[in-house]
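Engineer: Pasting the sequence and the predicted model now:
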Amino acid sequence: MKRYQRREINLDEVIDSKFLLIPLFQAERAWSYAMQLKQESNTDPRKKFHLVNRLRKAAKQASDLEKLCCASSKCDARTKLETQAYSCLMIGQFNFEIQKWVESLSSFSLAK
């Protein structure tokens, strides 16, 4: 039986800006699942823990995307600013959910 082996995307593998779509989709997938769990957490309190973990994963993947984009020469200045704002938005949502209000406010204001 073959198992899935996750590959990390390194800077030297980024030949085109389309390679940056992979961590973007991973972050969006984790975020959207967290939002689904947020709606379902009213009926099941255990889903709150899974929600926090998915938001943590989305924030980590968004910050990885930001690091890749800022280090890559394939991205223009606007793309770099957009990935920084996206990363701050994800980190702000994670901090908001775990009730770290000061960190959340600073992340949201930086994203704005």
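Structural biologist: Everything's here; your move.

Engineer: Next, the buried residues of the helix or strand Ser106 falls within.
Structural biologist: Here Ser106, judged by DSSP states H and E, is contained in helix 101-111. Neighbour-count burial for helix 101-111 flags Ser104, Ser107, Phe108, Ala111 (criterion: 16 or more other CB atoms under 10 Å). To be clear about C-beta, it is placed using only N, CA and C from the backbone, and glycine gets the same treatment.

Engineer: okay but the third one is in contact with Gly92, surely?
Structural biologist: Yes - Phe108 lies in contact with Gly92 (CB atoms under 8 Å); the separation is 4.2 Å.

Engineer: hmm, who's touching the helix or strand where Ser87 lies?
Structural biologist: Ser87 belongs to helix 77-97 when assigned by DSSP H and E. With contact meaning CB atoms under 8 Å, 6 or more residues apart in numbering, helix 77-97 is reached by 17, 20, 27, 31, 51-52, 55-56, 58-59, 62-63, 65-66, 69-70, 75, 101, 103-105, 107-108, 110-111.
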